[in-house]
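Asks: need a 3D model of the sequence below.
(chains A and B)
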Amino acid sequence: GESVGLHLPTLSVQEGDNSIINCAYSNSASDYFIWYKQESGKGPQFIIDIRSNMDKRQGQRVTVLLNKTVKHLSLQIAATQPGDSAVYFCAENIHVDYGGSQGNLIFGKGTKLSVKP
Amino acid sequence: DTGVSQDPRHKITKRGQNVTFRCDPISEHNRLYWYRQTLGQGPEFLTYFQNEAQLEKSRLLSDRFSAERPKGSFSTLEIQRTEQGDSAMYLCASSWTGSNQPQHFGDGTRLSIL
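Replies: As a prediction, this is how the structure comes out:
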């Protein structure tokens, strides 16, 4: 099937190494961020999220870091495995004044992670 | 499987034809979203529903596109008079209501216009 990874920045790592995928987000009013993993021919799969009142959150083998000063988000994957090979997207959700959020997520361009065995 | 389900997975049609896609969200979720994704790009928002109410529409959603969620459960997205530029993956997602709820995606419908 078609790859969603064409023309994307690519990160190539050795199996067992740690991976760091970076994302610059666009809007200082964004208050919620999500990392998704997308394999070829499939929809984005939720990995981990973080709210703007936090600067770090850990999951199983993954850590997300948020730096609001420079509008930067990163995803760290520990002990990267071949099954981690995919395109990774960060997404942001913008806070609105009535106490909620805009309905839609705004996605970054994605990074293709390739894991060498 | 209790995830988001989309049907069909693939649709090939001639330019000018109408197409309709269906999305069944996760059953407890009352928000449903439609996105479009082209090759090498991230998903782009089209519209979303809270229960049966369509609350927001992107300017990407031209008048040839219409979405419905009549009973607040499944949703349909119709494209009339399809054009070459409509070729894309159409993704559906669902979530709980409220701030900062993760959206969970289906595997999409791949539309190819001949």
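Asks: could you point out which element follows the lowest-mean-pLDDT helix or strand in chain B?
Replies: Counting by mean pLDDT, DSSP states H and E, chain B has its least confident helix or strand at strand B:53-57, which shows a mean of 90. From strand B:53-57 onward toward the C-terminus, using DSSP states H and E, the following helix or strand is strand B:65-68.
Asks: and the residue of chain A nearest chain B?
Replies: Proximity of chain A to chain B (C-beta to the nearest C-beta) peaks at residue A:107, 3.0 Å away. Just so you know, the C-beta spots here come from the backbone N, C-alpha and C atoms, and that holds for glycine as well.
Asks: quick check: closest non-adjacent residue to that residue.
Replies: Leaving out its chain neighbours, the residue that sits closest to residue A:107 by C-beta to C-beta, 6 or more residues apart in numbering or on different chains is residue B:42, at 3.0 Å.
Asks: how much space is there between residue A:10 and residue A:17?
Replies: 15 Å (C-beta to C-beta, to the nearest Å).
Asks: what's the distance between the closest residue in space to residue B:90 that isn't next to it in sequence and residue B:73?
Replies: Nearest residue to residue B:90 in three dimensions, chain neighbours excluded: residue B:109, at 4.8 Å (C-beta to C-beta, 6+ apart). Residue B:109 sits 18 Å away from residue B:73, going by C-beta to C-beta.
Asks: more neighbours: which of the two?
Replies: Legend: neighbour count by other C-beta atoms under 10 Å in any protein chain shown for residue B:109 and residue B:73, higher for residue B:109 (22 against 15).
Asks: give the contact list for that one.
Replies: Contacts of residue B:109 were listed using C-beta atoms under 8 Å, 6 or more residues apart in numbering or on different chains, and they are B:6-11, B:21, B:89-90.
Asks: equivalent analysis for residue B:83, please.
Replies: Shown in contact with residue B:83 (C-beta under 8 Å, 6+ apart): B:15, B:64, B:113.
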